[in-house]
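**Q** missing the sequence, but the structure's below:
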């Protein structure tokens, strides 16, 4: 892939491929201009090189901000590695150029959207492939010539790139996805060969946003925090490629957790069962078409507000044709604490459901091995049934189904179980490439564990603003072949870090997430304002004064990690006291907390029912 050169002209922005320090003649240059308030793309003549030209790696797309158009280009990216002959890059720099010569807006919303692009959580693949077959496409889907799945939900510049795609200017565009890409090379014992292990996570931009502004599903079946994670195992020098897909996402019902000053707001159902069934069917139909057999693994607690959500979901799955049955464990028994539903002949989908209260069954870290062992007895036969994707010169074996794991946030508990699923799949992948079994490769054990922990932190940072909880425990798991052990104990440093993360999440929920949601919506839709609404604060006088006081004490420099931890804890306590004061004075949560202005009319109407 060549880079692109952008030149400002009186008519707009001239964009063309760049080679050997000048415009390339291999493709016709493109003029991006504004016509009657809309962006237009057309061919133009090759201009002369200018010292003020901007050299970029590729084009993200065009966004509209306050009725002005801006071309976003990717200026910097760090190489991650080469997987299946395709090189991955992590985006670290971006620039917005006004189509009519305007400077990049200084508005906070625009700045935050640009930081989402250049902050290190977006990736692209240097691959000359059709749109939708690059970074957003899994290895299996890329090799599925019969019925490839639509990948547009994972392309974060899908809306921004529309004008250029419609004008057949795909050679200028980079297909960008948000999530995590990591890899590690591990030597095979008693051999000169190495195993290359990759994790590629792709987050859907449909219903994307922070955890308390984006929960559940909408009437179209789009679920929040929907992430596809692909575990790829390669052995350089061999022609066999193996992969395993697993997904996560919010409970696919109509529900929310409205911010109300509580540390953990209670989950609230937003519709009656008949509407919940419609929403669930809208979710499961395209999901099953994409992945095949779907096994839901629900880790929510069975009591309290999580329990009410569990009851509603299990009532819905029974209504769509699933019924309680014995688990698929090897001996046919149902392990303690496991609830299993499978599809009947009359079911509207071939899904199955495993309910397991991981938090209660684990009790504490010493019982996690026992609890996960029970859960694994149900999951392992399903992994072996749906298998993995494997491609060699002789044959292609397709993965026939997928696990979809969730807890309340679909972060900490979910990552632990997904890591366990990945470990089971890794045994099948090693067998497919004819390498030593997992229990004979301790280095691969550790590499797999740490890669999944890094993946969990990355997914958590986008959705909650902090790394995953219990990182000290997660990173010290030690596996034997068919069970799980935990090495070491929870450390004081780990508990303090969790306390900091929890309090910092509390601060972010109220002060930062509404603005973050608006930036995500602007970037994924490529247009602002939202239905004529601005994102300016409309807080009443007292809360606005509290915000002003807090900003006075905000550090104007980058503090050390220790100082940052103390500052964040103090900041969270400040807001906790401030919110309690507002409540004492009779201010309702809706009077205190800024709401994202980009919420859809459906979301807004449903939320009002719970205030």
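**A** Sure thing, it's come through. For clarity, every value in this text was computed on a predicted model and none was experimentally measured.
**Q** use CA for all of it now, contacts and neighbours both
**A** Noted.
**Q** Residue 352 contacts residue 341, correct?
**A** Yes - under the criterion of Cα atoms under 8 Å, residue 352 lies in contact with residue 341, with a separation of 5.5 Å.
**Q** what do these two both touch?
**A** Overlap between the contact sets of residue 352 and residue 341, as judged by Cα atoms under 8 Å, 6 or more residues apart in numbering, is given by residue 322.
**Q** Mind listing the strands the helix or strand hosting residue 74 pairs with, and their directions?
**A** Secondary structure assigned from DSSP states H and E places residue 74 in strand 68-83. Note on strand 68-83: by DSSP bridges, its sheet partners are strand 58-65 (antiparallel), strand 86-98 (antiparallel).
**Q** List phi and psi for the residue nearest the centre of the chain.
**A** Central residue check for the chain by Cα atoms, centre = their mean: the C-alpha nearest the mean position is that of residue 203, 3.2 Å away. Dihedral angles of residue 203 (phi, psi; degrees, to the nearest 10) stand at phi -100, psi 130.
**Q** surely it meets residue 178?
**A** Yes - taking contact to mean Cα under 8 Å, the distance of 5.7 Å between residue 203 and residue 178 places them in contact.
**Q** For the stretch 251-400 of the chain, just list every one of the helices.
**A** With helices called from DSSP state H, counting those that start in this stretch, the stretch 251-400 of the chain shows them at 273-291, 304-319, 358-362, 368-386.
**Q** about what we covered before: can you list contacts of the strand holding residue 74?
**A** With contact meaning Cα under 8 Å, 6+ apart, strand 68-83 is reached by 34, 37-39, 55-64, 87-100, 104, 181-183, 198.
**Q** how distant is it from the center of its chain?
**A** Here strand 68-83 shows a centroid-to-chain-centroid distance of 18 Å under the convention Cα atoms, centre = their mean, to the nearest Å.
**Q** Out of the helices of the stretch 251-400 of the chain, which gets nearest to residue 412?
**A** Proximity to residue 412, assessed across the helices of the stretch 251-400 of the chain by Cα to Cα, is greatest for helix 358-362 (10.7 Å).
**Q** Run through the residues that contact residue 139.
**A** residue 243.
**Q** what pLDDT does it get?
**A** Residue 139 is assigned a predicted lDDT (pLDDT) of 92.
**Q** What's the separation between it and residue 229?
**A** In this structure, residue 139 lies at 11 Å from residue 229, with Cα to Cα, to the nearest Å as the measure.
**Q** do the same with residue 130
**A** For residue 130, the distance to residue 229 under the criterion Cα to Cα works out to 22 Å.
**Q** who's more crowded, these two?
**A** Comparing residue 130 with residue 229 by other Cα atoms under 10 Å, the one with more neighbours is residue 229, at 22 against 10.
**Q** returning to that earlier point: packed most tightly, which of the strands paired with strand 68-83 would that be?
**A** Mean neighbour counts were taken over the strands paired with strand 68-83 using mean count of other Cα atoms under 10 Å, and the top value, a mean of 24, falls to strand 58-65.
**Q** OK, contacts around the closest residue to residue 16 other than its chain neighbours?
**A** For residue 16, ignoring the flanking residues on the chain, the nearest one in space by Cα to Cα, 6 or more residues apart in numbering is residue 29 at 4.6 Å. Contacts were defined as Cα under 8 Å, 6+ apart; by that measure residue 29 touches 14-17, 43-46.
**Q** hey, what's in contact with both of residue 203 and residue 178?
**A** For the pair residue 203 and residue 178, residues contacting each of them under the criterion Cα under 8 Å, 6+ apart are residue 154.
**Q** Now do the SS call for the residue lying farthest from the centre of the chain.
**A** Ranking residues of the chain by C-alpha distance from their mean position (Cα atoms, centre = their mean) puts residue 48 at the top, at 42.4 Å. Using DSSP: H, G, I helix; E, B strand; the rest coil, the secondary structure recorded for residue 48 is coil.
**Q** And it, how far from residue 190?
**A** Relative to residue 190, residue 48 is positioned 59 Å away (criterion: Cα to Cα).
**Q** In terms of pLDDT, where does the residue nearest to residue 45 when sequence neighbours are not counted sit?
**A** If the residues on either side of it in the chain are set aside, residue 45 comes closest to residue 29, at 6.5 Å by Cα to Cα, 6+ apart. Taken from the predicted model, the pLDDT recorded for residue 29 is 91.
**Q** Need the phi and psi values for residue 29.
**A** Torsion angles, degrees, to the nearest 10, at residue 29: phi -60, psi 160.
**Q** which intervals of the stretch 51-200 of the chain have sub-threshold pLDDT?
**A** Applying pLDDT under 70 to the stretch 51-200 of the chain flags the ranges 145-148.
**Q** Strands along that one, start to end?
**A** 54-56, 58-65, 68-83, 86-98, 122-126, 176-187, 194-203 (DSSP state E, counting those that start in this stretch).
**Q** Just give the number of residues close to residue 166.
**A** Summarising burial for residue 166: neighbours were counted as other Cα under 10 Å, giving 10.
**Q** What distance do you get for it to residue 39?
**A** Where residue 39 is concerned, residue 166 sits at a distance of 12 Å (Cα to Cα).
**Q** Is residue 6 in a helix, a strand, or coil?
**A** Classification of residue 6 by three-state DSSP places it in strand.
**Q** which ones are touching it?
**A** When contacts are counted by Cα under 8 Å, 6+ apart, residue 6 touches 13-16, 53-56.
**Q** Just list whatever residues bridge to it.
**A** When assigned by DSSP bridges, residue 6 has beta-bridge partners residue 15, residue 54.
**Q** Tabulate the strands of the stretch 51-200 of the chain in TSV, adding columns for distance to residue 262.
**A** As requested, the strands of the stretch 51-200 of the chain are arranged in TSV below (distance: least, Cα to Cα, whole Å):
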stretch	distance to residue 262
strand 54-56	46
strand 58-65	35
strand 68-83	39
strand 86-98	36
strand 122-126	32
strand 176-187	29
strand 194-203	28
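**Q** With respect to residue 112, which of these lies nearest?
**A** Taking those one by one with Cα to Cα, strand 86-98 is closest: 12.1 Å.
**Q** for stretch 305-322, what is the average pLDDT?
**A** When the per-residue pLDDT values of stretch 305-322 are averaged, the result is 95.
**Q** got a list of contacts for that stretch?
**A** Counting by Cα under 8 Å, 6+ apart, residues outside stretch 305-322 touching it are 251, 253, 266-269, 273, 276-277, 280, 300-302, 323, 341-348, 351-352, 408.
**Q** Restricted to strands, list those residues.
**A** Assigned to strands by DSSP state E, the following of the contacts of stretch 305-322 qualify: 268-269, 323, 341-343, 352.
**Q** which one among the residues you listed gets closest to residue 289?
**A** Lowest distance from residue 289 to those (Cα to Cα) belongs to residue 352, with 14.9 Å.
**Q** Now for the closest one: which residues touch it?
**A** Contact criterion Cα under 8 Å, 6+ apart gives 293-296, 322, 340-343 as the residues in contact with residue 352.
**Q** switch to 6 Å and redo it
**A** 295, 341-342 (Cα atoms under 6 Å, 6 or more residues apart in numbering).
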